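Enquirer: Sequence plus predicted model, see below.
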Amino acid sequence: MHPSLQTSARLLLIALLTSLLATSLFAADKKILLIAGPPSHGPGQHEHNAGILLLQKCLANVPGLKTEAFNGWPKNAASFEGADAIIIFADGGEKHIALQDDHLAVLGKAMERGAGLGLLHYAVEPTLAKGQKEFLQWVGGAFEINWSVNPHWDANFKTLPNHPVAHGVRPFHIVDEWYFNLRFAEGMKGVTPLLAAIPDSSTTSRPDGHHSGNPAVRAAVARGDSQTVSWAYERPNGGRGFGLTGAHFHSNWGNDDLRKLVLNAALWLAKMEVPAKGVASSVTEADLKANLDPKPAKKK
């Protein structure tokens, strides 16, 4: 090769490597919005803001990740611009924070460009009239009244799937308000069950009602059917969804495996690589007592 051509090739290679290095060094961080709904229930239950801030603290040292926490729906719609994932921890039903005003439309725009969506506990419940179609499209599953149920029970998760969200999560059991008999995408297409357990007979001890029981649930429990209470979903457009029906009790964030599952899910929703051993974090009693909503104690 002619010396001048060799020099040109070297200069071109150096320029290319410099460009690649600059791109890797200054690549934009992934952005996750963490949204807490209004206070509800008694002390230590549905602690939405405290739970969101605890998750944010646990994610603070993840390289390449930026989180923004909101106590209530973000007042500026621009907050959703560029968000790689959105996680909502809030009450469901008609008062669901995502079903108010134009919030579903705002989420829809983020979903169209492939943002991930995670729903925690009661937030997995929309209404049949509003949100059900969208939640099934975006997250792959939802609580449906007069079909799904919400008992408190000790769910024993004996095995975990080979999935990034389950990295480093060990089998565990824990008492929580684990919803089950959920509605999922047709044929479970795109859905990966993450936490599944067999409900015991205590889960059908209440009379039938829109959240408490129905013949289909009673038959499933009698058969000993395994029930999915947390799942991952891959949408046709490449976006991702995650649902967790537990976390009714704030103290359960102190469980290393439950917490790791949700932290892993946050990274996965944003299309970040989940460490082989999962997201490492530690929580103290002081952490669990921080940012609790000022709720009156229950009357005896």
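Expert: In hand now; what should we look at?
Enquirer: Strands of this protein, start to end?
Expert: Taking DSSP state E as the test, the strands found in the chain are 30-36, 65-71, 85-89, 116-120, 141-142, 152-157, 172-177, 183-184, 191-197, 227-234, 240-244.
Enquirer: tell me the angle of the last one relative to strand 227-234?
Expert: Note on geometry: by axes from the mean of the first three to the mean of the last three CA atoms, to 10 degrees, strand 240-244 and strand 227-234 are set 160 degrees apart in direction.
Enquirer: cool, and the third one?
Expert: Using the same axes, to 10 degrees, the inter-axis angle of strand 85-89 relative to strand 227-234 is 160 degrees.
Enquirer: helices or strands next to strand 85-89 in the packing?
Expert: Under the contact definition 3 or more CB pairs under 8 Å, 6 or more residues apart in numbering; DSSP states H and E, strand 85-89 sits against strand 30-36, helix 48-59, strand 116-120, helix 256-269. All C-beta atoms are positioned from the backbone trio N, CA, C, and that covers glycine.
Enquirer: got it, and the second one?
Expert: Using 3+ CB pairs under 8 Å, 6+ apart, the elements in contact with strand 65-71 are strand 30-36, helix 48-59.
Enquirer: That one - what's its average pLDDT?
Expert: Averaged across strand 65-71, pLDDT comes to 98.
Enquirer: one step back: okay, the helices and strands packed on strand 65-71 in a markdown table with mean neighbour count and distance to Asn237 next?
Expert: A markdown table is the format used below for those (neighbours: other CB atoms under 10 Å; distance: least, CB to CB, whole Å):
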| stretch | mean neighbour count | distance to Asn237 |
| --- | --- | --- |
| strand 30-36 | 23 | 18 |
| helix 48-59 | 22 | 25 |
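Enquirer: Mind checking the ones you listed for the one nearest to Val106?
Expert: Closest to Val106 of the helices and strands packed on strand 65-71 is strand 30-36 (CB to CB; 10.8 Å).
Enquirer: packing partners for the closest one?
Expert: helix 48-59, strand 65-71, strand 85-89.
Enquirer: Just checking: what are the partner strands of that strand?
Expert: Paired strands of strand 30-36, with direction, are strand 65-71 (parallel), strand 85-89 (parallel) (DSSP bridges).
Enquirer: for those, which one ends up most surrounded?
Expert: strand 85-89 (a mean of 27; mean count of other CB atoms under 10 Å).
Enquirer: For Asp225, which non-adjacent residue is spatially closest?
Expert: Ile198 (7.1 Å; CB to CB, 6 or more residues apart in numbering).
Enquirer: per-residue pLDDT, the one you found?
Expert: For Ile198, the model assigns a pLDDT of 98.
Enquirer: Residues contacting stretch 70-77, please?
Expert: By CB atoms under 8 Å, 6 or more residues apart in numbering, the surrounding residues in contact with stretch 70-77 are 33-38, 49, 52, 79-80, 97, 100, 103, 106.
Enquirer: swap the cut-off to 10 Å and go again
Expert: Stretch 70-77 has contacts (CB atoms under 10 Å, 6 or more residues apart in numbering) with 33-39, 48-50, 52-53, 68, 79-80, 83, 86, 88, 90, 97-98, 100-103, 105-106, 109, 291, 293.
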